[in-house]
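Engineer: predicted model and sequence below, questions to follow.
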Amino acid sequence: MRKFVLGDVHGGLKAIHQVLEKANVSQKDILIFLGDFVDGWSESPAVLDFLIELQKKQPCVFIRGNHDELLLDWLLGNNENIDEKLWFQHGGEATVKSYQNINSVTKEKHIDFLKSLQDYYLDDENRLFIHAGFTNMKGVEHEYFKPLFYWDRTLWETALALDNNLSKEAITYPNRLNIYKEIYIGHTPVTKINETIPVNKACVWNVDTGAAFKGKLTIMDVNTKEFWQSDSLPELYPNEKGRN
């Protein structure tokens, strides 16, 4: 049994199929999806349909992303929680269009799936899987404002800015980076720092390789750190703009 982690999908079903095939994933393997299944490319409803069926065939962990929560609010009619103009600019418009021909039964299945998403997953080796991050210095169980699990960027910024020469025993070493053996996140594409593959800083692994934009979807073996990538999403969806 292998354990895989996948970065942000953003409606790119074709990319999921590619990476699962490239990594030769079997039904015995565990798949951990870090969230943001929707908003960007045109197949958001199809992505959710695929994941709902996938969990019937093999062990899966689905983490809640901020875009997943935005879609849930929209499907539930909680429009007071959505800045529609801003959401549309960041991939929501493609998602709303993709739902135009989706029936009510399917929408209810998607609502149930989105409600079932986990805020985070902590495995038996003290490895944390979370969409964005957390701010509490004692860890995720002590986080007061739960939406930070899928909105925070300070964890990644802290890891990026950390002096590599600073000892973990130093009084100034960030407590958040000493709690877990490893932390796997998405949310902030590594393409923002001109990278195209998963990036490791301190104990944090960022596996969002920009699939929402001009990048690729990545799947990584958690134990070996070997990874596989899809084609760039604009190549898979040449007549679409994604979040570009």
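Structural biologist: Sure, I can see it.
Engineer: got the contact list for residue 111?
Structural biologist: 72, 75, 76 (Cβ atoms under 8 Å, 6 or more residues apart in numbering). From N, CA and C alone the C-beta is placed, and that goes for glycine too.
Engineer: endpoint to endpoint, stretch 8-16 covers what distance?
Structural biologist: 10 Å (Cα to Cα, to the nearest Å).
Engineer: sorry, back to before: quick one: buried ones out of the contacts of residue 111?
Structural biologist: 72, 75 (16 or more other Cβ atoms under 10 Å).
Engineer: between the contacts of residue 111, which is nearest residue 140?
Structural biologist: residue 72 (20.7 Å; Cβ to Cβ).
Engineer: so that closest one makes contact with residue 115?
Structural biologist: Yes - using Cβ atoms under 8 Å, residue 72 makes contact with residue 115 at a distance of 6.8 Å.
Engineer: list the contacts of stretch 151-170.
Structural biologist: By Cβ under 8 Å, 6+ apart, the list of residues contacting stretch 151-170 reads 66, 132-135, 172-174, 176-178, 183, 185, 187-188, 193, 201-204, 206.
Engineer: roughly how far does the nearest residue to residue 38 once chain neighbours are set aside sit from residue 65?
Structural biologist: In space, and not counting its chain neighbours, residue 38 is closest to residue 44: 3.8 Å by Cβ to Cβ, 6 or more residues apart in numbering. Here residue 44 is placed at a distance of 12 Å from residue 65 (Cβ to Cβ, to the nearest Å).
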